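In: just need the structure, nothing else, for what follows:
(2 chains)
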Number of protein chains: 2
Amino acid sequence: MNIRIVGRVLGFIVFFVGLFMAFPALFAWYYGGDDLQAILLSAGLTVAVGGAMVLVFRPKGELLVRDSFAVVALGWVLASAFGALPFYLSGDMPVFTDAFFESMSGFTTTGASVLARVEDLPHGLLFWRSLTHWLGGMGIIVLSLAILPMIGVGGTQLYKVEMPGPTPDKITPRVQQTAKTLWGVYLLLSAIETLLLLAGGLNLHEALCQTFGTMATGGFSTRTASIAGFNSVFVEAVVIVFMLLAGTNFTLHYHSLRGKPSSYWKSEEFRFYLGIVAVFTALLAVNNLLAGTYKAGEALRHSVFQTVSITTTTGFATADFGSWSSSAQLILLFLMFIGGCAGSTGGSIKVLRAVIILKQGLVELRKLLHPRAVIPVRIDGKGVPPGVVINILGFMFLYVGLLMLSTLAMTLMGLDLVTAFSSVAASIGNIGPGLGGVGPMEHYGHIPLAGKWLLSFCMLAGRLEIYTVLVLFTRDFWK
Amino acid sequence: MNIRIVGRVLGFIVFFVGLFMAFPALFAWYYGGDDLQAILLSAGLTVAVGGAMVLVFRPKGELLVRDSFAVVALGWVLASAFGALPFYLSGDMPVFTDAFFESMSGFTTTGASVLARVEDLPHGLLFWRSLTHWLGGMGIIVLSLAILPMIGVGGTQLYKVEMPGPTPDKITPRVQQTAKTLWGVYLLLSAIETLLLLAGGLNLHEALCQTFGTMATGGFSTRTASIAGFNSVFVEAVVIVFMLLAGTNFTLHYHSLRGKPSSYWKSEEFRFYLGIVAVFTALLAVNNLLAGTYKAGEALRHSVFQTVSITTTTGFATADFGSWSSSAQLILLFLMFIGGCAGSTGGSIKVLRAVIILKQGLVELRKLLHPRAVIPVRIDGKGVPPGVVINILGFMFLYVGLLMLSTLAMTLMGLDLVTAFSSVAASIGNIGPGLGGVGPMEHYGHIPLAGKWLLSFCMLAGRLEIYTVLVLFTRDFWK
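Out: Sure, this is the predicted structure:
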């Protein structure tokens, strides 16, 4: 590993996390909260440490593939550790584990919270909590659309064609260009949603916080009741639309903004994504009607919101789906394993991978009858190389393996099966709320400390497509 | 499809099922039970229908690959339907669905029962119930070691090397030879276990029934409390050893009997199989000790029995593991997804597939750091072709897909999540007992009728490696 350059990049990340703490400080000052001091102290500390790292580590050589793994994984860990400072130093989360969990949940855009009552947190900290989502979302865009394709990881490999080829073994200026373009899209969509929410009657603080939670597919809200707390169909509609946009591959938005709106419909993944939302909404709505949970209008309203919220891995709630019928809960549990599109801020397995696996399964059936036939899986009319299929299936294996081992560990800490499984699934999938003891109207505060660290690890592993984190634990990596 | 030859083979299957009903008739007569008449009537009907089919369908042409799918799947369905007659006609299971469920559970060697009190069934029917296990086990041996490799399905493909190559597109006499040899091993092991159980104080009826349940990895017992009902450490030890033998690839037994006992240790799958049993036994024993469920000796005794019983997919019980700690229950739930060795009478995913998937996952991690490296997965020192790896991962996908959809259907019938999931997992994996409402000291009698049909389908699909059943639902098959 090139310690010098890795250390320098990490220094920059920490430095910028510190700079961004100026925004919550502004809100703390405006609302006259007692969190101002803690936020300023955290900002100073973070900027100082980050700055020192930048000065100490003088770059030498290039950032190679294996270095980028370290930068990505350690970058998220350091951002979360320093991002936890405001919560911890203010005394609002006196246990550092809680502060770290909340911060990691923010940066990974998970949205799982240790807070029983969100409104107890002062405005500055609430803003910082939501801002971590938004910053994490920025990181994910550059990660999933610029870095991951270059190192050939997972479903996004398909988009490698858009990168200069043959793939170079170092981070090129092209990555910066792609990142800037997509951040532009991200900023633009965020600005539009904020304006719409302001129009819907939210104040600036509320509008920005819900926007951060939406665009990053995070799920932190400024209300304990989540979006239900605003009791507004307009707000719900705006949030639904922008959750959908945030769960879409950002290159499609870019092409669309450049005058090719047909890009959306040409993308097979996007069509499947909308199809999944439509089918699951219908399933849930019918289920909620038949189970008598809601009347017609309400059933559709809550079903579409919850389907979009879970599919995009946002985790906002307008209803306590923890009290829905067990089949409705199971449907939501399934949704947790699909996720947003590749190249979106959404987490979990991703629609693209799910579609490829589905098609591969069907191909295998046809091959049984035609053993000598060569039937490639096609996406957008292009054949998917067998190496990519195996890579995806390997990813699934690691995903399920991590899920199983972590669930086991959680039950060993005394949690029941449903709470243990759904808390892990909601963490790896970066969703936030689960079922049982961690349902949408519950919180993660009562999870044992060791469980909070484990779930923090799951959030990170899920966010970084597992490979990126697990590779740090292989012997080969440290050779 | 070659209706004539398929019909004729199915006729033979039905005919032989009828003939085998003579054995339960003998026991019914010996014990003077009122089930004799129903058994004789069923036998007569079954032999007549089977005989008529053999006479009506005159063979013409060869049995091709696609015909063999129909023979295998329909053969199991017909055997189960006619096998249900004794239960139904005797009036002991007045609902045909129950009788069919019990019979399908028997022939697929699942061992899930609708009976609340097993002892209520007369001796003849009890014997027939256990005999369906043993006959199903015979069918599986020829299926997994002779037919499946020829048509290139699943993990057993690896053993194709032992078949004459290049693989012909019709069922050869060689299959008959292989089948006879392995049935010899099956008979021999069954005879030895029966003698040992007689020595352990069981009467002939009990000894044979438990042997059938063991050697077929079925799990039907003659006691409601399962093996715990005999309250004998010796009986438990015998059953453990023979469950392990039944879960082993039968070709290894054959090689061993021919003077090469080293075959066992040379097989990587067998080593993993023993390793899994050892590791999970230790995990469960420690868990049961720490949770205070048992004292030292008892903890080990029940842990080893339950681990072997679930790993081999037998489903016998010496303890109510439904009342163990939630982590212990989860460990058993994981075990339900491994299963016995390929080429054994065990069900579920099979150790060989699990090992290949595990190795493939590790290879993918190494490839991240060495993107251009070609690292094949090796089993027994031989490289596994990528096509086989994809096939196995495709199998896993179908397995999980069937599991999810069926679980959803079960929750729609009003079952809770744990009962719904574990009943489906225990059915597809051909295990028998699950958790919650279908735990080891519970039964399947209270499952809604539609649920019993669905679970029957799951048992069949799981038993026939899913592909074999699903392919019948593809358009290509009927072209």
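
In: for the residue of chain A positioned farthest from its centre, give me its contacts.
Out: Of all residues in chain A, A:Arg372 has its C-alpha farthest from the mean position, at 41.8 Å, by Cα atoms, centre = their mean. For A:Arg372, the contact set (Cβ atoms under 8 Å, 6 or more residues apart in numbering or on different chains) is empty. (Glycine included, C-beta is placed from N, CA and C.)

In: now do A:Ile276
Out: Contacts of A:Ile276 (Cβ under 8 Å, 6+ apart): A:311, A:335, A:338, A:351.

In: how many neighbours does the first one have?
Out: It stands for A:Thr311. 29 (other Cβ atoms under 10 Å in any protein chain shown).

In: could you find the closest non-adjacent residue to A:Pro448?
Out: A:Met413 (4.8 Å; Cβ to Cβ, 6 or more residues apart in numbering or on different chains).

In: got the contacts of A:Ile276 as JSON lines, with secondary structure, distance to chain B and pLDDT columns?
Out: Shown next, in JSON lines, are the contacts of A:Ile276 (DSSP: H, G, I helix; E, B strand; the rest coil; distance: Cβ to the nearest Cβ, whole Å; pLDDT from 0 to 100):
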{"residue": "A:Thr311", "secondary structure": "helix", "distance to chain B": "16", "pLDDT": "96"}
{"residue": "A:Leu335", "secondary structure": "helix", "distance to chain B": "11", "pLDDT": "94"}
{"residue": "A:Ile338", "secondary structure": "coil", "distance to chain B": "11", "pLDDT": "93"}
{"residue": "A:Val351", "secondary structure": "helix", "distance to chain B": "15", "pLDDT": "93"}
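
In: any chance of these in CSV, with distance to B:Trp76 too?
Out: Below are the contacts of A:Ile276 laid out as CSV (distance: Cβ to Cβ, whole Å):
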residue, distance to B:Trp76
A:Thr311, 39
A:Leu335, 34
A:Ile338, 34
A:Val351, 37
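
In: which of those are buried? Put it as a PyMOL command.
Out: Command for PyMOL that selects the buried part of those, burial taken from 16 or more other Cβ atoms under 10 Å in any protein chain shown:
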select buried, chain A and resi 311+335+338+351
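
In: gap between A:Leu89 and A:Asn2?
Out: 33 Å (Cβ to Cβ, to the nearest Å).

In: likewise for A:Leu135?
Out: From A:Leu135 to A:Asn2 the distance is 25 Å (Cβ to Cβ).

In: repeat that for A:Tyr30.
Out: Using Cβ to Cβ, which is the criterion applied here, A:Tyr30 is 43 Å from A:Asn2.

In: ok, the two, which is more surrounded?
Out: Neighbours per residue, other Cβ under 10 Å: of A:Tyr30 and A:Asn2, the larger number sits with A:Asn2, 19 against 14.

In: and the pLDDT at the more buried one?
Out: Model confidence at A:Asn2, given as pLDDT, is 79.

In: the one 10 residues further on too?
Out: Note for A:Phe12: predicted pLDDT of 91.

In: sec struct for it, please.
Out: helix (DSSP: H, G, I helix; E, B strand; the rest coil).

In: for the stretch 351-479 of chain A, which segments count as strands?
Out: A:378-379, A:382-383 (DSSP state E, counting those that start in this stretch).

In: mean confidence score for the first one?
Out: Taken as a whole, strand A:378-379 has a mean pLDDT of 88.

In: so what are the sheet partners of it and their directions?
Out: strand A:382-383 (antiparallel) (DSSP bridges).

In: so how far is the strand it pairs with from its chain's centroid?
Out: The gap between where strand A:382-383 is centred and where its chain is centred comes out at 28 Å by Cα atoms, centre = their mean, to the nearest Å.

In: same check, this time on stretch A:284-301
Out: Worked out by Cα atoms, centre = their mean, stretch A:284-301 lies 28 Å from the chain centre.

In: could you do stretch A:399-418 as well?
Out: The answer for stretch A:399-418 is 21 Å, by Cα atoms, centre = their mean.
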